[in-house]
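Visitor: fold the following.
(chains A, B and C)
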Amino acid sequence: MPVVDPSSLSGRLVAGDRGALARLISWAENGDPRFAAELAPAWSRVGRAWRSGVTGPPGAGKSTLVNALAGRLRATDKRVGILAVDPTSPFTGGALLGDRIRMEERSSDPGVFIRSMASRGSHGGLARAAIDACDAMDVAGIDEILLETVGVGQAEFDVMSAVDTVIVTLCPGAGDGVQAMKAGILEVADVLVVNKCDIAGADRLATDLEDAVAARLSIARAAKQGWQPPIVSLSAALGNNIEGLVEAIGRHRAHLERSGLDQLRRARRVEQVRRVMLEHLGERLWGAGGLRELAERALAAGDPPYDVAERLAARVLRGANP
Amino acid sequence: MSQPVPPQSSARDSTARATGAGRAQLSARQLWEEAWQVAQMREGRFTTLSDTPLKPLYLPADAPVEYERDLGYPGQFPYTRGVHPTMYRGRLWTMRQFAGFGTAAQTNQRFKYLLEHGQTGLSVAFDFPTLMGYDSDHEYARGEVGQVGVAISSLEDMQTLMDGIPMAEVSTSMTINGPAPILLAFYIACGERAGVDPAQLRGTVQNDILKEYQAQHAWLVDVEPALRMITDVMSHCAVKVPQWNTISISGYHIREAGSTAAQELAFTLANGMEYVRRGVAAGMSVDEFAPRLSFFFDSHLDFFEEIAKFRAARRIWARKMRNEFGAKNPRSWMLRFHTQTAGVSLTAQQPENNIVRTAVEALAAVLGGTQSLHTNSMDETLALPTEKSVKIALRTQQLLAEEHEVAHVADPLGGSYFVEAETNRLEADAERYFLEIERRGGVVPCIKAGYIQREIHRSAVAYQQAVEEGRKKVVGVNAYVEDLHAKPEIELLRIDPSVEAEQCERLARLRARRDAKKAKAALDAIRDAAKGNPNESGNNLLERFVAAAHADCTLGEIADVLRAEFGHYKEPKIL
Amino acid sequence: MNERKIRVLVAKPGLDGHDRGAKTVAAVLRDHGMEVIYTGLHQTPEMIAEAALQEDVDVVGLSILSGAHMTLFPRVRAELEKRGIGNVLLTGGGIIPAEDMQALEQGGFAKLFGPGTPTDAIATWIRQQMEKRFAAEAAPRGTR
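Guide: Numbers count the residues shown, from 1 in each chain, chains lettered A, B, ... in the order given. Purely as a prediction, here's the structure:
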């Protein structure tokens, strides 16, 4: 492993310095190039943490579940990192991040690092920032990363496609199972959780989910290398059967490790490279090439947008110097 | 301001009369409406404080009332016009100023001062460590001991607080909730030590935990075990302390947290009904405990809306208790309440204006038929009230009682079209909330999901916006503003930091002096009862707390056992 | 590249449960485009400082109505210092007598707000302070 200058920010990150980790995550969120620069020297350390994503409809008890899960993992001395994503207001650009309230017992535990993240809204921005934040936590020596998002939009979907184990949380009543199935979040689940198992309707929800999983088994199996998502009934608030969830995550991990975890992760990194590269490329070409002016002129002349786009693309590919 | 004359004034009528002969066929009402159409109005929106639009004039049709059914007579169902047949001719309301700061000895002095100046009941304010169930020497208590109320950590502190005060004669109100059963136990034990039988004790313990989760946020343990302790208090007191009001179901804090009048009314009564359900579920009959339930409301700036709120509260409660809960005893139907003027209506700017605000709010409480009243002091937005400002606040009540001739007639605004219309409106608003709460599974699920908290928060933000946009005026803040930096010439009461050290020493001495074995046994007994079946006799926690008080167990020690056995409460995320 | 957002921690130190002001201010700052982390009630100075560190906030705003400000506010400040983030913009409000405000403002609090302060004024003040700071940070590095 290459030696990292201990006084640099990456050096402090490797040493598990919480301030350094916090600052790196801010840079990741802001798209600040210093993030990549500081992470690079420590890159070889990425890949040791297990990344679980917790998603589900509002009111399903995700924060409470993450809190309980973190508590359980701490009992086995694992260092835990929590990344709690909340939506940014599309009108004001601001956000209220209140997940720490539900994680109060964890907040004074030096083995837990909690970070709130606003979704901010630019296309792909959240996924990039979330992946970067996980990488930074990974370097800082965190063993288990728990990433929590509201499972609704495409942005959250992108985030979930970048973790190792996707935990979809539902509860009777509020986060209706049928709605969840319609919304398609069952397809991404590696583990299904029926939270608030002590209240009426929980058994019924679990049965419904079993049926739904069975019905989609062939699709799911193909997509998930033969893995059949287990259904775990628990109560995060009461602390009942959290160990059942830990065990399910462990089984999924073992399954992936048997069936080619490295390949899977590499495929995700390839996707990350593709996205980052296209973003860079797009910005540079669009910014430097005078393409905006050309497009404006063509559109003003009455040309249809697809034709304009095609002409400009062809121009770039020819290597024309605009 | 273009036209200050209200449209229904006589000046306007004479304009209408002065016009041509053909107009003689128009009815008086049509003439008024016509005059109304052409009149110029002041700028601004004409709404209640809670933003409900108001008509310019209320007519009989706006206030449909079936007299016997909806209003009745004072002292009779549905008590819209008051709970006593004679109202204040029989007895004035109790003037009960909430007080407490520093050490038990200091507060004891303030109590004696208030009793000497004509106050008729005691009301104890506790400091935050006590309210949260921590002893004065706990790490979390640092800087807070004695700050906003008195620090009471043990039976010994309670004895100092009540020293020289005749406990068999005075009625005492204790504003505490999470650890309420423990403080009540200290009070009972204190009486026993002074030779006063618990059956002689009179007073109230707030003990309303539901609104703590909703608004005030001084809780001890999770919701369900907290409710179990409340039914323990109800069942123990029904037998042993029969003159004690076991819960004061409080809208005050809900309102102060920013709710509207309708929300205050609805959430408070919904909480009240939840306690009744719990009492019944614990095996008591409604009439065994319901007569000892009392209420506590805010009296805010909007004079008429507040009066209507008090009247609606009585009517709704009577109807629910008789018709839904099948109570037979008229005392179970009666909603008796304490009122405090609105602390949030006071301003730090031009603090003397607060005397006037408080006086008008106090008048609304009296015209609304309150059983007891606390009037805020003008300096409470700056710090704890001084003796002088407390005296002015008390005198405000005495002026109303003695000079203004307002206490002679029961429900003097009954029959006002406007007040009856507002009373009907508030009752309907409350009923809508009851349905919504039921649809969401009841009060406890609403608390856990943050529904009630969110409703209150939204109203608070809406009001703040109205003030900042100038739609609602606050004199000294967004109207008639004076220099913001002018220092108010008000003397401030400060708590000497030595209070904290003194309290800690007292506690250390107590712990050294007491019989450690006895104290431990008393705590173990509490643990056993907490683990045991609450419906089994012998597991009543209040009984165990009284025994622990006698064994000199401290508040924090008892609370620690409960926290360990019952678990913490966690706020839901509402923002 | 995303724009930099102002991140604010709104916290309630001590045991008092009066969160109307804190929650209202939190909502207003959100409406002014800031990212607001709300910690909930009954926080110790250590918890507040640790949250400020992990969340890498630019601003810490404390709300208190219990009278314990002269004990708790300086302790929060000390805990922030201890974690090397004593330079965050530190502010707060509540029922705080004028002379205590002055003392705290001399002890590292940039500004304290009393009852009746328009929330817009708080938001505007934070924005102005942060714009100055962001500009000062950006200047020596020049153009990237």
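
Visitor: surely C:G17 meets B:Q216?
Guide: Yes - counting by Cβ atoms under 8 Å, B:Q216 is a contact partner of C:G17 at 5.5 Å. Using the backbone N, CA and C atoms, a C-beta is placed for each residue, glycine as well.

Visitor: quick one, strands of the chain?
Guide: No chain specified, so I'll use chain A. Taking DSSP state E as the test, the strands found in chain A are A:50-55, A:80-86, A:95-97, A:112-118, A:144-148, A:165-170, A:191-194, A:231-233.

Visitor: ah, no, chain C please
Guide: Counting by DSSP E, the strands of chain C are C:7-11, C:35-38, C:59-64, C:89-94, C:111-113.

Visitor: what's stretch C:104-121 in contact with?
Guide: Identification of contacts with stretch C:104-121 by Cβ atoms under 8 Å, 6 or more residues apart in numbering or on different chains yields B:347-349, B:381, B:464, B:467-468, B:474, B:476-478, C:24-25, C:28, C:69-70, C:73-74, C:77, C:86, C:89-96, C:98, C:101, C:122, C:125, C:129.

Visitor: low pLDDT regions in the stretch 1-150 of chain A?
Guide: The model of the stretch 1-150 of chain A has pLDDT under 70 over residues A:1-3, A:122-123.

Visitor: what parts of it come near chain B?
Guide: A:G59, A:S63, A:T64, A:L96, A:G98, A:D99, A:I101, A:R102, A:E104 (Cβ under 8 Å from any Cβ of the partner chain).

Visitor: so what secondary structure elements neighbour the strand ranked longest in chain B?
Guide: Counting by DSSP E, the longest strand found in chain B is strand B:293-299. Here strand B:293-299 touches strand B:247-250, helix B:252-256, helix B:261-281, helix B:303-319, strand B:337-341, helix B:353-367, going by 3 or more Cβ pairs under 8 Å, 6 or more residues apart in numbering or on different chains; DSSP states H and E.

Visitor: what about residue 84, neighbour count?
Guide: By default, I'm working from chain A. By the criterion of other Cβ atoms under 10 Å in any protein chain shown, A:A84 has 23 neighbours.

Visitor: ah, no, chain C please
Guide: For C:G84, the count of nearby residues is 10 (other Cβ under 10 Å).

Visitor: all helices for chain A, in order.
Guide: Assigned by DSSP state H, chain A shows helices spanning A:9-14, A:18-30, A:34-39, A:62-75, A:104-107, A:125-139, A:154-160, A:177-183, A:202-215, A:217-223, A:242-258, A:261-288, A:291-300, A:305-317.

Visitor: please see if the third one touches chain C.
Guide: If I follow you right, that is helix A:34-39. No - Helix A:34-39 does not reach chain C (Cβ under 8 Å from any Cβ); its nearest approach is 9.0 Å.

Visitor: who touches that helix?
Guide: So helix A:34-39 is contacted by A:S8, A:L9, A:S10, A:L13, A:L24, A:W27, A:A28, A:V46, A:D132, A:D135, A:A136, A:V139 (Cβ under 8 Å, 6+ apart).

Visitor: how about the last one, what does it touch?
Guide: Neighbouring residues of A:V139 by Cβ under 8 Å, 6+ apart: A:S10, A:L13, A:V14, A:L39, A:A42, A:W43, A:R45, A:V46.

Visitor: in a markdown table, list those along with neighbour count and distance to B:G143.
Guide: Shown next, in a markdown table, are the contacts of A:V139 (neighbours: other Cβ atoms under 10 Å in any protein chain shown; distance: Cβ to Cβ, whole Å):
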| residue | neighbour count | distance to B:G143 |
| --- | --- | --- |
| A:S10 | 23 | 40 |
| A:L13 | 26 | 36 |
| A:V14 | 21 | 39 |
| A:L39 | 22 | 42 |
| A:A42 | 23 | 42 |
| A:W43 | 13 | 47 |
| A:R45 | 20 | 43 |
| A:V46 | 16 | 45 |
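
Visitor: nearest to chain B, of these?
Guide: Nearest to chain B among the contacts of A:V139 is A:L13, at 29.6 Å by Cβ to the nearest Cβ.

Visitor: how about that closest one: what's its closest non-neighbour residue?
Guide: Closest residue in space to A:L13, ignoring its immediate chain neighbours: A:A20 at 4.6 Å, by Cβ to Cβ, 6 or more residues apart in numbering or on different chains.

Visitor: number of nearby residues for the residue of the stretch 51-200 of chain B found nearest chain C?
Guide: Closest contact between the stretch 51-200 of chain B and chain C, by Cβ to the nearest Cβ, is at B:G143 (2.4 Å). Close neighbours of B:G143, defined as other Cβ under 10 Å, add up to 24.

Visitor: how about B:F186?
Guide: For B:F186, the neighbour count with other Cβ under 10 Å is 29.

Visitor: that one and B:T160 touch, don't they?
Guide: No - with contact defined as Cβ under 8 Å, B:F186 does not count as touching B:T160 (11.2 Å).

Visitor: hmm, back to that, mind pulling up the pLDDT for the residue of the stretch 51-200 of chain B closest to chain C?
Guide: The score at B:G143 is 91. That number is its pLDDT.

Visitor: same deal with B:A21?
Guide: B:A21 carries a pLDDT value of 57.

Visitor: could you do B:E380 as well?
Guide: The per-residue pLDDT reported for B:E380 equals 86.

Visitor: pretty sure it is in a helix, no?
Guide: No - under the criterion used here (DSSP: H, G, I helix; E, B strand; the rest coil), B:E380 is coil, not part of a helix.

Visitor: enumerate every residue touching it.
Guide: Per Cβ under 8 Å, 6+ apart, neighbours of B:E380: B:G343, B:L346, B:N354.

Visitor: which residue does the stretch 401-550 of chain B bring closest to chain A?
Guide: For the stretch 401-550 of chain B, the residue closest to chain A is B:A449, as judged by Cβ to the nearest Cβ, at 6.6 Å.

Visitor: just checking, that residue touches A:G59?
Guide: Yes - between B:A449 and A:G59 there is a contact at 6.6 Å, judged by Cβ under 8 Å.
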